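Trainee: Using only what follows, build the 3D model:
(one chain, ligands or ions: 1)
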Amino acid sequence: MADSTGGSECWRVGVLFSETGVTAAIERSQLNATLLAIDEINKAGGVLGRPIEPVIYDPASNPKLFKSLADRLLAQDRVRLLLGCYMSSTRKAVLPVVEAYRGLLFYPTLYEGFEYSPYCIYTGAAPNQNSFQLANFLLQNYGNRFVLVGSNYIYPYESNRVMTDFIAQAKGKVLDEIYVPLEAQAKDFDKAIVKINRLRPDVIFSTVVGSSTALFYEAYWRAGFDSAKMPIASLTTSEAEVAEMNPAAAAGHSTAAPFFEVRATPAARSFVSAYKLRYGSDAPVTAGAEAAYFQVHIAAGALARTGSDDPRGILAALKEAEFDAPQGPVRIDPTNNHTYLWPRIARLDGRGTFEIVWPAGGRVKPDPYCIVPNIEDWSANGRQQMRAG
Ligand code: ACM
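Mentor: Presented below is the predicted three-dimensional model:
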């Protein structure tokens, strides 16, 4: 089958990450890492002697724009492989377009699970690779009375539903579930702070995303709450959101993710150094960036094996893909198109730096539908016997 480059010199791929809008900071880290990986591959001679050429648009954190730009990439630019999306609302806007054109979307972001598309490769964490572990850690270390605070869109609603199941299994209680606008301003957190003050839970689980995150942590800090006794825990507060807040407001709060910038293995240091050399020493490196980085390498490997960017061939070639990612060796599960990942939990210190407090006990098979919805066994078919720190 002919490839979309029509015999030209390049492999063209579509890239959709927001450089503006509410989630620009985290998505910029994903865009940066995508371009870093493409550059590495091109400097090493490209794929089968041909460079990868990214066709990049800025969908501005707007699902409608994501959809129309995906259409433009597939219909007019005639790319067949897409790299992109952070918010689940944007993935849900893009996927029907990708499916209609029989393209393939590589999605490098943690999400709420309960989805499968043969036109999507999910390289971020499913709930059994972050929520289960975080719930266990919080229940063991802080207590079982939770307040949930999230942005008003699909990921927070669904992630809170999964978290509520785990809390209930531990005979814990969700005292309240509060939603703020996606582009929340400081005043939008006033009501949440009053409720937290009244309820005094053991933990706040935050599914707030993007630039509002800093406003929430700062409001909590100004209220004088003690993060050692009542921390905020999250899956979406990464190095990018922390960089936008006062470091004092970050101290003591926790995040679960497969990768943190502080990870010290040679593969992680090499990725972080290359990223900082290219984008500046202050540029935050996030789990979303790491997934964006390794998925390009995995896609390029599949491209090299099939010699075409036909998505069906790429999908078949991905079955064999194993890549030594900065988080540890990863591979795609051909039964569900999600990725085997290494869950970790880190706590923020007073300088706004994550310290890993719960290292990966092993690589976890993705179970996007939580078929094993048991807080004691989050590993679907048991953990793989692969160990790392
Ligand atoms: C998300 O919306 N998947 C963070």
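Trainee: Got phi/psi on the residue nearest to residue 158 when sequence neighbours are not counted?
Mentor: Among residues not flanking residue 158 along the chain, residue 112 sits closest, at 3.5 Å (CB to CB, 6 or more residues apart in numbering). To be clear about C-beta, it is placed using only N, CA and C from the backbone, and glycine gets the same treatment. Dihedral angles of residue 112 (phi, psi; degrees, to the nearest 10) stand at phi -80, psi -10.
Trainee: Make sure residue 112 is actually in contact with residue 153.
Mentor: No. Taking contacts as CB atoms under 8 Å, residue 112 lies outside contact range of residue 153: 10.5 Å.
Trainee: shared neighbours of those two, which are they?
Mentor: residue 88 (CB atoms under 8 Å, 6 or more residues apart in numbering).
Trainee: Now do the residue in the stretch 51-200 of the chain that the ligand sits nearest to against residue 235, distance only.
Mentor: Residue nearest to the ligand within the stretch 51-200 of the chain: residue 155 (3.2 Å; CB to the nearest ligand atom). Distance, residue 155 to residue 235, using CB to CB, to the nearest Å: 9 Å.
Trainee: which neighbours do the two share?
Mentor: residue 207.
Trainee: and the residue nearest to residue 158, what does it touch?
Mentor: 88, 127, 154-155, 158-159, 161-162.
Trainee: Of those residues - the most surrounded one?
Mentor: residue 127 (30 neighbours; other CB atoms under 10 Å).
Trainee: what about stretch 116-130, near the ligand?
Mentor: No. For stretch 116-130 and the ligand, the contact criterion (CB under 6 Å from any ligand atom) is not met; the two come no nearer than 7.3 Å.
Trainee: Kindly report the residues of the stretch 151-300 of the chain close to the ligand.
Mentor: Residues of the stretch 151-300 of the chain lying near the ligand (CB under 6 Å from any ligand atom): 155, 209, 236.
Trainee: So which of the residues you listed sit within helices?
Mentor: Those of these mapping onto helices are residue 155, per DSSP state H.
Trainee: Columns pLDDT and distance to residue 308 on top of the residues of the stretch 151-300 of the chain next to the ligand, output as JSON lines?
Mentor: Formatted as JSON lines, these follow (pLDDT from 0 to 100; distance: CB to CB, whole Å):
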{"residue": "155", "pLDDT": "98", "distance to residue 308": "34"}
{"residue": "209", "pLDDT": "98", "distance to residue 308": "36"}
{"residue": "236", "pLDDT": "98", "distance to residue 308": "36"}
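Trainee: how about the residues of the stretch 151-300 of the chain next to the ligand in CSV, adding distance to residue 184?
Mentor: Below are these laid out as CSV (distance: CB to CB, whole Å):
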residue, distance to residue 184
155, 15
209, 10
236, 14
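Trainee: Out of the residues of the stretch 151-300 of the chain next to the ligand, which comes closest to residue 229?
Mentor: When these are compared for distance to residue 229 (CB to CB), residue 236 wins out at 22.6 Å.
Trainee: And residue 27, how close does it get to the ligand?
Mentor: 11 Å (CB to the nearest ligand atom, to the nearest Å).
Trainee: brain fart, residue 306
Mentor: 29 Å.
Trainee: so what's that residue up against?
Mentor: Contacts of residue 306 (CB under 8 Å, 6+ apart): 313-314, 316-317.
Trainee: Please apply the same query to residue 211.
Mentor: For residue 211, counting by CB under 8 Å, 6+ apart, the contacting residues are 22-25, 183, 241, 244.
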